[in-house]
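Asks: everything below, folded, please.
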Amino acid sequence: MKKILLLIALLSTACSSIAQTAKTITLSQKDLKNKIKGGWAGQTIGVTFGGPMEFKYNGTIINEYQPVPWYDGYLKKMMLENPGLYDDLYMDLTFVEVFEKEGLDAPVNSHAKAYANAGYALWHANQVGRSNILNRIMPPQSGYWENNPHADCIDYQIECDFAGLMSPAMPNTASKISDKIGHIMNYGDGYYGGVYLGACYALAFVSKDVRYVVQEALKTVPKESNYYKCIADVIKWHKMYPNDWKRTWYEIQNKWSQDVGCPDGVFAPFNIDATINSAYVVVGLLYGNGDFTKTMEITTRCGQDADCNPSSAGGILGTILGYDAIPAYWKMGLKEAEDIDFKYTSTSLNKVYEVGYKHALLNIERNGGKVLKESVTIPIQIPVAVPFEKSFDNTYPIDRKYVYKSLKDDYSFDFEGTGFVVKGETAKWASTSSYVFEMEVYIDGKLFETAKLPTSFTTRRHELTWKYKLPKGKHTVSLKLLNPSAEHDCRITDILIYSDQPNSTANENVFRFGQPIKPKQ
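Replies: Sure thing, here's the model as predicted:
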């Protein structure tokens, strides 16, 4: 009897690993399309479900007694009444539409200009990337951390889905797409968020084993990176505490919750860093273990970017399961929403199901696969790590000065360290003003830049000015507003100081912040 049970176990293991070890995989065209549909539908379901929780719970779990709404008609209601919620989708679709218009070899500048000139509002790495492009700093420099204080933020992570869905079983092909488009707005760990989740999508066509997908996809990320180390920790902790996702959440919080890059996330519980939010996606996938409801609930209840994270988890799991196997409960009202174009695009879910399928077939053929009348055969790529890159190398936030002052003419401050970020605001929400402030920035008496600061919200500069990698020591920064306006406000909110070593305790005596050179009442 024991021999029989052992034989059954061996056969089961062998069957479950066939897709993992085979050199090619053959799918019916029906199954391929079903998985692509599942990926796009899963994203839409996830971001809709988590929408009310987005950044409402920062650094804390959303407890089970806190209800998250879901009912028939909710999807359509949100798509019509809250279209800005779907940045996970319309950002993806911006790049999909470029591919559709110009072909799979569309140059990166076409993608960059399409998103930089789109009508939607952006934040963090996306907005800095847009501002850079509008000021002729093109990719990959638009996403490079010295030009983009948000380089490690989640942005490309929430937009990478298309890269994996058009690269079934081909994680390295997805990485090549991510290398081109992900560096428009991200670098380092921020870029790796898109590489990794794109690979998860690609491998979701190969195996139905969630654990295999998340582990194998990690091979696309350099082991030296914090991103790799964090996700490897999550996989390890899941094995140690397989029935306690909250224990793993606390381990993540204890080790990986400190952000050093995002100016909005340092000195604050808010964390939009790709690394920790990817960790929450993986927590949801591993502890959900193929159950769509558990995956949605756990990923959302990890908090922070609680709509983008279940969108990623839902898209990956939707690809693994296929559209037809997503539970009917989660597809309530989906049919009614599938013909609605996502705002700022000319593409609906029904359209991207078809276009995404078309792009996948083209990508399969150009990468050595075969498209037959009713099936496809795809070479399964062994994941290869992309090159190592690190944002904020030897750069740590060590102090924050609250200013909250309207800049009317000049302002200066002194500090000791290696860099600074001046946070501020020139644009009010939804403003379409064409007025552009100009501000000269002097570092140690030398003109560093003349910053253009639009008052239109979509084209605003996310931070007023910044500079890293200065020689360690004492520095003076002077800001001079060249064209003040009675109708618009150029406001300094706070100033962040960086050095080449982390500082565990703030020392007020280290910094000497000056007062405005020409104070006015």
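
Asks: ok, G473 touching E416?
Replies: Yes - counting by Cβ atoms under 8 Å, E416 is a contact partner of G473 at 6.6 Å. C-beta: built from backbone N, CA, C; applies to glycine.

Asks: okay, the two: which has more neighbours?
Replies: Ranked by neighbour count (other Cβ atoms under 10 Å), G473 and E416 place E416 first, with 17 against 10.

Asks: what bridges to the more buried one?
Replies: Note on E416: beta-bridge partners by DSSP bridges are K474.

Asks: now it: how far from I495?
Replies: Going from E416 to I495 by Cβ to Cβ, to the nearest Å gives 13 Å.

Asks: what of K219?
Replies: On the measure of Cβ to Cβ, K219 and I495 end up 41 Å apart.

Asks: so which of these two has more stuff around it?
Replies: Neighbours were counted for K219 and for I495 using other Cβ under 10 Å; I495 has more, 24 against 17.

Asks: quick one: list the elements packing against the helix or strand where that one lies.
Replies: Assigned by DSSP states H and E, I495 belongs to strand 491-499. Judged by 3 or more Cβ pairs under 8 Å, 6 or more residues apart in numbering; DSSP states H and E, strand 491-499 is in contact with strand 396-406, strand 410-417, strand 419-425.

Asks: before we move on, back to that, shared neighbours of G473 and E416, anything?
Replies: Shared contacts of G473 and E416 (Cβ atoms under 8 Å, 6 or more residues apart in numbering): none.

Asks: ends of stretch 297-314, what's the gap?
Replies: 11 Å (Cα to Cα, to the nearest Å).

Asks: wait, I meant stretch 151-159
Replies: 14 Å.

Asks: before we move on, what about stretch 455-462?
Replies: End residues of stretch 455-462 are separated by 11 Å (Cα to Cα).

Asks: now it: average pLDDT?
Replies: Stretch 455-462 shows a mean pLDDT of 98.

Asks: ok, now stretch 158-176?
Replies: 98.

Asks: now it, how far from the centre of its chain.
Replies: Offset of stretch 158-176 from its chain centre (Cα atoms, centre = their mean, to the nearest Å): 14 Å.

Asks: which residues of the chain fall in strands?
Replies: Secondary structure of the chain by DSSP state E: the strands cover 24-28, 370-371, 375-379, 396-406, 410-417, 419-425, 436-443, 446-454, 465-467, 473-481, 491-499.

Asks: who touches the first one?
Replies: So the one you mean is strand 24-28. In this structure, residues lying in contact with strand 24-28 by Cβ under 8 Å, 6+ apart are 19, 35, 168-169, 205-206, 369, 374-380.

Asks: ok, of those residues, which come out buried?
Replies: Buried subset of these (neighbour count, 16 or more other Cβ atoms under 10 Å): 19, 35, 168-169, 205-206, 369, 376, 378-380.

Asks: follow-up on the earlier one: can I get the CA coordinates of the strand holding I495 in CSV?
Replies: C-alpha atoms of strand 491-499 as CSV (Å, rounded to 0.1, in the frame of the first residue of the first chain):
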residue,chain,number,x,y,z
ARG,A,491,4.6,77.3,-2.0
ILE,A,492,7.5,75.6,-0.2
THR,A,493,6.2,72.9,2.1
ASP,A,494,9.2,71.2,3.5
ILE,A,495,12.9,70.4,2.9
LEU,A,496,14.5,67.0,3.1
ILE,A,497,18.2,66.6,3.8
TYR,A,498,20.3,63.6,2.7
SER,A,499,23.7,62.2,3.6
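
Asks: now do it and strand 419-425, the angle between them.
Replies: Using axes from the mean of the first three to the mean of the last three Cα atoms, to 10 degrees, the direction of strand 491-499 lies 160 degrees away from that of strand 419-425.

Asks: buried ones in strand 491-499?
Replies: Across strand 491-499, burial judged by 16+ other Cβ under 10 Å covers 492, 495-499.

Asks: for it, which strands pair with it and how are they oriented?
Replies: Here strand 491-499 has these sheet partners by DSSP bridges: strand 396-406 (antiparallel), strand 419-425 (antiparallel).

Asks: out of those strands, flag the one nearest V352.
Replies: If you check each of the strands paired with strand 491-499 against V352 by Cβ to Cβ, strand 419-425 wins as the nearest, at 35.2 Å.

Asks: state the mean pLDDT of that closest one.
Replies: 98.

Asks: max-length helix in the chain?
Replies: helix 29-50 (DSSP state H).

Asks: before we move on, back to that, in a markdown table, list the contacts of strand 24-28 along with distance to A274.
Replies: What follows is those, written out as a markdown table (distance: Cβ to Cβ, whole Å):
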| residue | distance to A274 |
| --- | --- |
| A19 | 28 |
| K35 | 25 |
| P168 | 24 |
| A169 | 24 |
| F205 | 23 |
| V206 | 24 |
| G369 | 30 |
| E374 | 39 |
| S375 | 36 |
| V376 | 32 |
| T377 | 34 |
| I378 | 28 |
| P379 | 29 |
| I380 | 27 |
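
Asks: just name the lowest-scoring one in the buried ones among the contacts of strand 24-28, pLDDT-wise.
Replies: A19 (40).

Asks: returning to that earlier point: quick one: the helices and strands packed on strand 491-499 as JSON lines, columns for distance to A125 too.
Replies: Shown next, in JSON lines, are these (distance: least, Cβ to Cβ, whole Å):
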{"stretch": "strand 396-406", "distance to A125": "17"}
{"stretch": "strand 410-417", "distance to A125": "23"}
{"stretch": "strand 419-425", "distance to A125": "14"}
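
Asks: pick the most deeply packed of the ones you listed.
Replies: Neighbour counts (mean count of other Cβ atoms under 10 Å) averaged over each of these peak at strand 419-425, with a mean of 22.

Asks: report the distance from that strand to the chain centre.
Replies: Centroid displacement of strand 419-425 relative to its chain, using Cα atoms, centre = their mean, is 22 Å.

Asks: how about the strands paired with strand 491-499 in TSV, adding distance to I235?
Replies: As requested, the strands paired with strand 491-499 are exported to TSV (distance: least, Cβ to Cβ, whole Å):
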stretch	distance to I235
strand 396-406	28
strand 419-425	34
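
Asks: of the ones you listed, which is nearest V108?
Replies: Each of these has some distance to V108 by Cβ to Cβ; the shortest is strand 419-425, at 27.0 Å.

Asks: contacting residues for V68?
Replies: Per Cβ under 8 Å, 6+ apart, neighbours of V68: 49-50, 52-53, 62, 297, 300.

Asks: spatially, which two of those are the most separated?
Replies: Using Cβ to Cβ, the pair of the contacts of V68 lying farthest apart is P52 and E297, separated by 13.8 Å.
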